[in-house]
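K.L.:
A structural model of the following input is requested.
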Amino acid sequence: MNLQLHLLSRISAIALACLLLVSAYVLFQSHRQAELAAWRIADSQGRLLESQLMLHSAGIGQSNPFPDFEVWKQSGSQPGICLRYAAADNTTTRSLCNGTKPAIANWPILFETGYRWFFNPGRQTVRPIALRGRVHGSLTVTPSAELELAAAWDKFLQLTTLSCITIFAVSALVYLSIRRALRPAHTIVQGVETLEAGRFDFRLPDFQLNEWRHIGAAINQLAASQQQLLAERQRLVTKLITLQEAERRYLTRELHDEFGQCLAAIQAISLSIRQTAIQQCPELISETEHINRITGHMMTSLRRLLGQLRPAEFDELGLAASLNSLVAGWNGRSRGNTRFQLDIYGDCTLLSETQAINLFRIAQACLTNISKHAKASSARIHLQIDSDSITLLIQDDGIADHLPFADTDGIGLLGIRERATALHGQLTMSIAQPHGLIVKIELPASDNSE
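P.N.:
The predicted structure follows:
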């Protein structure tokens with residue numbers, strides 16, 4: 001869930017709860033005021049009736065019948081109030097109501113139902129009328145429940161309207177404040193994604209809030225350490241690859257110059273022995289032919305080994321010729337089971353020796369993996385050399401249908417990734433449609449590996 005909406009929903013829920021509590025308090029106060037008003041009327045009119053009773057008992061004011069409510073009616077009495085006097089001996093009963101019910105009930109039925117259930121408006125207030133310790137009757141004050149509902153609804157509506165406006169304004173201000181405060185979080189997430197993509201040279205800006213500043217500083221420090229480790233790793237891998245190629249070059253030269261010459265000499269001596277055996281000892285001819293077969297097999301194995309260590313045409317003819325020879329060799333060895341194809345766009349002579357030999361090794365490792373594991377009917381090598389980038393794409397239609405691959409004891413993909421990293425490049429793998437593997441290596445045109 002979005003953090004801004006989460007915090008805003010929490011704040012709105014708290015504000016709504018406070019609104020409900022305040023509304024309940026306001027309704028309670030409104031009902032209490034109505035009851036207090038009824039009690040005050042009952043008390044004041046009770047005193048007035050007791051005064052009238054005292055005058056009547058003294059023989060004063062006999063012209064006005066008891067009880068006389070005209071004084072209360074003429075003094076601007078509260079509307080919606082009914083007064084009722086009942087004598088103790090039930091001989092005298094008189095009632096007077098001031099005002100009527102509201103013409104239209106402008107409050108909802110649900111509000112009326114809840115208000116009546118909680119507060120029971122229109123409750124009667126009874127005050128005894130006594131003189132000299134004797135109760136002569138009782139005064140009953142009955143307020144209008146509808147007028148109390150109207151007053152309570154007006155107060156509730158005013159409070160709700162004001163509260164809704166306040167909640168909306170506060171929520172908008174809180175949302176904008178939180179949005180502004182959390183804006184660096186989006187930048188931090190983008191920065192982490194950039195670092196995840198391998199761009200350790202990226203740095204987060206200096207934020208204003210201390211919390212974001214500390215997080216940004218920690219991420220920048222982590223990126224710097226990772227960048228340093230990556231640079232050291234690239235230098236180490238580059239040195240290892242350079243030493244490996246130097247060792248392969250040395251082994252190739254030694255095997256060619258020493259072991260190859262020895263095999264050539266053995267083959268020449270074997271031919272000489274065969275010529276002598278034809279003339280002087282024919283029974284040795286089969287042995288000399290056996291020696292020639294063994295020597296020829298050793299020469300073939302040596303040539304194949306030398307080609308794997310370092311193709312002879314690489315130093316003389318370059319990368320393009322070496323790749324063509326590599327593809328031709330695999331087409332010959334596959335015997336039609338897998339058809340290998342090579343496409344080269346651009347000038348391979350623009351590549352440095354480090355770039356050229358690593359691209360060749362990557363292609364060599366990919367073709368070996370295809371031959372061993374892919375069970376493909378076709379494979380294509382695409383080399384694109386531009387002014388600013390180098391792209392090597394190797395695709396097959398083998399059995400691969402998902403990524404990642406299960407862990408194996410081989411180091412083919414690991415070696416490919418290390419060579420791409422040493423050249424400040426990037427290796428990506430994807431599944432072809434409907435199946436097969438696509439290996440893509442992207443390198444910068446400038447050689448920064450040295």
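K.L.:
by contact count, what packs against the lengthiest helix in the chain?
P.N.:
Ranked by residue count under DSSP state H, the longest helix found in the chain is helix 3-57. For helix 3-57, the packing partners by 3 or more C-beta pairs under 8 Å, 6 or more residues apart in numbering; DSSP states H and E come out as helix 70-74, strand 81-87, helix 109-119, strand 125-131, strand 134-143, helix 145-181. The way it works is simple: take the backbone N, C-alpha and C, and place the C-beta from them, glycine included.
K.L.:
burial count for Asn120?
P.N.:
Look at Asn120: counted by other C-beta atoms under 10 Å, it has 10 neighbours.
K.L.:
same check, this time on Ser44
P.N.:
When counting by other C-beta under 10 Å, one arrives at 14 neighbours for Ser44.
K.L.:
tell me the pLDDT at it?
P.N.:
According to the prediction, Ser44 has pLDDT 85.
K.L.:
now do His382
P.N.:
We have a pLDDT of 94 for His382.
K.L.:
so Arg123, which of the three states?
P.N.:
Put simply, Arg123 is coil when judged by DSSP: H, G, I helix; E, B strand; the rest coil.
K.L.:
all strands for the stretch 201-350 of the chain, in order.
P.N.:
339-345 (DSSP state E, counting those that start in this stretch).
K.L.:
if we can go back for a sec, want to throw the helices and strands packed on helix 3-57 into TSV with distance to Leu271 and mean pLDDT?
P.N.:
Putting these into TSV (distance: least, C-beta to C-beta, whole Å; pLDDT from 0 to 100) gives the following:
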stretch	distance to Leu271	mean pLDDT
helix 70-74	149	67
strand 81-87	141	84
helix 109-119	116	88
strand 125-131	140	87
strand 134-143	136	86
helix 145-181	90	85
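K.L.:
now for those, which one comes closest to Met54?
P.N.:
With C-beta to C-beta as the criterion, Met54 lies closest to strand 125-131 of the helices and strands packed on helix 3-57, at 6.1 Å.
K.L.:
between that closest one and helix 3-57, how many degrees?
P.N.:
Here the directions of strand 125-131 and helix 3-57 differ by 20 degrees (axes from the mean of the first three to the mean of the last three C-alpha atoms, to 10 degrees).
K.L.:
and strand 125-131, which strands flank it?
P.N.:
With DSSP bridges as the test, strand 125-131 is paired with strand 134-143 (antiparallel).
K.L.:
buried residues of the strand it pairs with, list them for me.
P.N.:
Judged by neighbour count using 16 or more other C-beta atoms under 10 Å, the buried positions of strand 134-143 are His136, Gly137, Ser138, Leu139, Val141, Thr142, Pro143.
K.L.:
hmm, back to that, turn the helices and strands packed on helix 3-57 into a markdown table, including distance to Ala13.
P.N.:
Formatted as a markdown table, the helices and strands packed on helix 3-57 follow (distance: least, C-beta to C-beta, whole Å):
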| stretch | distance to Ala13 |
| --- | --- |
| helix 70-74 | 50 |
| strand 81-87 | 42 |
| helix 109-119 | 21 |
| strand 125-131 | 40 |
| strand 134-143 | 37 |
| helix 145-181 | 11 |
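K.L.:
for those, which one sits closest to Leu229?
P.N.:
Closest to Leu229 of those, according to C-beta to C-beta: helix 145-181, at 33.6 Å.
K.L.:
centre of the chain to that closest one, how far?
P.N.:
Centroid displacement of helix 145-181 relative to its chain, using C-alpha atoms, centre = their mean, to the nearest Å, is 35 Å.
K.L.:
which elements pack onto that helix?
P.N.:
With contacts taken as 3+ C-beta pairs under 8 Å, 6+ apart, helix 145-181 sits against helix 3-57, helix 109-119.
K.L.:
switch to 6 Å and redo it
P.N.:
Applying 3 or more C-beta pairs under 6 Å, 6 or more residues apart in numbering; DSSP states H and E, one finds that helix 145-181 contacts helix 3-57.
K.L.:
ok, now how distant is Asn358 from Val135?
P.N.:
116 Å (C-beta to C-beta, to the nearest Å).
K.L.:
surely Val135 meets Ile129?
P.N.:
No - between Val135 and Ile129 there is no contact under C-beta atoms under 6 Å: 7.0 Å.
K.L.:
checking the residue of the chain most remote from its centre next. Helix, strand or coil?
P.N.:
Residue distances from the centre of the chain (C-alpha atoms, centre = their mean) peak at Gly59, which lies 93.8 Å from the mean C-alpha position. With three-state DSSP as the basis, Gly59 sits in coil.
K.L.:
wait, which of the helices and strands packed on helix 3-57 is closest to Pro205?
P.N.:
For Pro205, the closest of these is helix 145-181, at 15.4 Å, according to C-beta to C-beta.
K.L.:
which parts of the closest one are buried?
P.N.:
Applying a neighbour-count criterion of 16+ other C-beta under 10 Å, the buried positions in helix 145-181 are 145-153, 155-156, 159, 163, 167, 174-175, 178.
K.L.:
so where is this structure shaky, pLDDT-wise?
P.N.:
Along the chain, segments meeting pLDDT under 70 span 1, 60-64, 71-78, 99-104, 307, 311-313, 315, 405-411, 447-450.
K.L.:
okay, domains of it per the record?
P.N.:
Taking automatic domain parsing as the domain assignment, the ranges for the chain are 3-180, 196-310, 317-450.
K.L.:
closest to Gln190 out of those domains?
P.N.:
Shortest distance between Gln190 and the domains of the chain, using C-beta to C-beta, is found for domain 196-310: 9.2 Å.
K.L.:
work out the gap between that closest one and the centre of the chain.
P.N.:
45 Å.
K.L.:
same question, stretch 374-392
P.N.:
That offset, for stretch 374-392, works out to 35 Å (C-alpha atoms, centre = their mean).
K.L.:
ok, stretch 5-18 next?
P.N.:
On the basis of C-alpha atoms, centre = their mean, stretch 5-18 sits 23 Å off its chain's mean C-alpha point.
K.L.:
stretch 386-397 now?
P.N.:
With C-alpha atoms, centre = their mean, you get 33 Å for stretch 386-397.
K.L.:
name the residues that touch that stretch?
P.N.:
The contact list for stretch 386-397 (C-beta atoms under 6 Å, 6 or more residues apart in numbering) reads 359, 366, 370, 374, 376-384, 432, 436-443, 445.
K.L.:
mind listing what's buried along that stretch?
P.N.:
Buried, per 16+ other C-beta under 10 Å, within stretch 386-397: Ile390, Thr391, Leu392, Leu393, Ile394, Gln395, Asp396, Asp397.
K.L.:
specify the local secondary structure of the second one.
P.N.:
Just to be clear, that refers to Thr391. Under three-state DSSP, Thr391 falls in the strand class.
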